[in-house]
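K.L.:
Generate a structure from the sequence data that follows.
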Amino acid sequence: MLKKIDHLGIAVKSIEEALPYYEKILGLKCEGVEEVPSQKVKTAFFTIGGVHLELLEPTSEDSPIAKFLEKNPRGGIHHLAFFTDSVPEELERVKAEGAQLIDQTPRPGAHHKEIAFLHPKSTAGILTEFCQDAKGGCGCGCK
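P.N.:
Down below sits the predicted model:
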């Protein structure tokens with residue numbers, strides 16, 4: 001069962017260039033920058049109202065974020081992520097309802113999460129992610 005909106009993934013060309021907007025203009029505090037080699041991205045997280053904002057900077061030209069930025073040079077919202085206690089159960093449920101899966105099983109993601117994506121062709125055009133805390137959680141109390 002989906003519990004809440006976990007985060008909005010926002011594609012940016014450069015986290016360093018985007019930070020002043022989020023920190024100075026919006027007054028949010030960056031909780032840290034993390035590289036996720038398996039996803040070919042660098043991430044930065046902010047929290048507001050219990051929801052994370054995840055900035056995503058590509059670290060490779062063949063990164064999905066790099067491809068998104070080719071089509072959307074100004075960046076923007078890349079995906080919507082929902083928190084669940086069991087990504088595998090959610091994948092089974094939505095697959096039975098006819099949703100097209102990008103990931104058949106969860107994989108490691110940023111912020112110590114297990115993640116899986118649904119294809120936008122079956123989600124009203126919105127790249128959708130399911131996530132759950134990995135074993136041990138991230139330790140930051142962000143559930």
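K.L.:
Starting from the worst-scoring helix or strand of the chain on mean pLDDT, tell me which strands it pairs with and how they run.
P.N.:
Ranked by mean pLDDT, DSSP states H and E, the helix or strand of the chain with the weakest confidence is strand 107-109, at a mean of 92. Here strand 107-109 is paired, per DSSP bridges, with strand 113-118 (antiparallel).
K.L.:
neighbouring contacts of the strand it pairs with?
P.N.:
6, 79, 81, 87, 90-91, 94, 99-109, 127-134, 138 (Cβ atoms under 8 Å, 6 or more residues apart in numbering). Every C-beta, even on glycine, is put in place using the N, C-alpha and C of the backbone.
K.L.:
Out of these, name the ones that lie in helices.
P.N.:
Among those, the ones falling in helices (DSSP state H) are 87, 90-91, 94.
K.L.:
Can you add neighbour count and pLDDT and give the residues you listed back as JSON lines?
P.N.:
JSON lines is the format used below for the ones in helices among the contacts of strand 113-118 (neighbours: other Cβ atoms under 10 Å; pLDDT from 0 to 100):
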{"residue": "87", "neighbour count": "23", "pLDDT": "97"}
{"residue": "90", "neighbour count": "21", "pLDDT": "97"}
{"residue": "91", "neighbour count": "21", "pLDDT": "98"}
{"residue": "94", "neighbour count": "19", "pLDDT": "97"}
